[in-house]
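Trainee: build the 3D model from these lines:
(2 chains)
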Amino acid sequence: GQNIDQPTEMTATEGAIVQINCTYQTSGFNGLFWYQQHAGEAPTFLSYNVLDGLEEKGRFSSFLSRSKGYSYLLLKELQMKDSASYLCAVRRNNAGNMLTFGGGTRLMVKP
Amino acid sequence: NAGVMQNPRHLVRRRGQEARLRCSPMKGHSHVYWYRQLPEEGLKFMVYLQKENIIDESGMPKERFSAEFPKEGPSILRIQQVVRGDSAAYFCASSRTGAFGSPLHFGNGTRLTVT
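Mentor: Numbering: from 1, shown residues only, chains lettered A, B, ... in the order given. As a prediction, the model looks like this:
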């Protein structure tokens, strides 16, 4: 089976940095994805990691450690519009691009 | 360049009725995935289809639920004899291929309410 854990809620201040952690247990790991979802809207793709290390994309970075089954999403220079749910998802071998999602982390950015 | 299109956006059904949810993938995408999302919860995989074939339906309830992706036309998720517990947002996603490096693109979802 698979197990993907991330915190349910986080709060941070505008302009600050926040790190959202995700741990996973799965067989045949083949990539970890982060999506952003605003309330009532479609999830939108943010980043993916398949090798260990840090991937940077503007204000967002994602890190992966395969040996530890651990990833984090780092958001810098937080803006009010970053208030959303952040979904961690894992892809497995022989499953096409089917993703298994964690429960999501609801981030609230305060002024 | 239209994205993944789902309709209807909102659907209200009485208990016992049928619900039909449609999904047109992005242009050039032949792989479709259906997910269900309950309020305040994550996305739960239901079924993965490629044109005319069901690849993986391990997340779809065995009874009352079915999915298809015909050669022509949108993918359809069909729920027969709906119950209150079926109330949820149903998201469709598509990818160009089933191969590595082809991220999922999601539609805006259909919000089903069963009264």
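
Trainee: if you count neighbours, what's buried in stretch B:90-98?
Mentor: Of the residues in stretch B:90-98, B:Tyr90, B:Phe91, B:Cys92, B:Ala93, B:Ser94, B:Ser95, B:Arg96, B:Gly98 count as buried by neighbour count, 16 or more other CB atoms under 10 Å in any protein chain shown. The way it works is simple: take the backbone N, C-alpha and C, and place the C-beta from them, glycine included.

Trainee: CSV for the residues you listed, including pLDDT and distance to chain A?
Mentor: Below are the buried residues of stretch B:90-98 laid out as CSV (pLDDT from 0 to 100; distance: CB to the nearest CB, whole Å):
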residue, pLDDT, distance to chain A
B:Tyr90, 98, 12
B:Phe91, 97, 7
B:Cys92, 97, 9
B:Ala93, 95, 8
B:Ser94, 93, 9
B:Ser95, 89, 4
B:Arg96, 84, 9
B:Gly98, 66, 3
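
Trainee: mind checking which of these are in strands?
Mentor: Judged by DSSP state E, the subset of the buried residues of stretch B:90-98 located in strands is B:Tyr90, B:Phe91, B:Cys92, B:Ala93, B:Ser94, B:Ser95.

Trainee: adding distance to A:Gly40, write the residues you listed out as TSV.
Mentor: Listed next are those as TSV, based on distance: CB to CB, whole Å:
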residue	distance to A:Gly40
B:Tyr90	14
B:Phe91	12
B:Cys92	16
B:Ala93	17
B:Ser94	20
B:Ser95	23
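
Trainee: nearest spatial neighbour of the residue most central in space within chain B, skipping sequence neighbours?
Mentor: Taking CA atoms, centre = their mean, the centroid of chain B lies closest to B:Trp34, which sits 3.5 Å from it. Counting by CB to CB, 6 or more residues apart in numbering or on different chains, the nearest residue to B:Trp34 once its immediate chain neighbours are dropped is B:Met46, at 4.4 Å.

Trainee: residues near the one you found, how many?
Mentor: Counted by other CB atoms under 10 Å in any protein chain shown, the residues lying close to B:Met46 total 21.

Trainee: same thing with B:Ser66?
Mentor: 15.

Trainee: any idea of the mean pLDDT for the host helix or strand of the residue nearest to B:Trp34?
Mentor: If you go by DSSP states H and E, B:Met46 is part of strand B:43-50. Strand B:43-50 comes out with an average pLDDT of 93.
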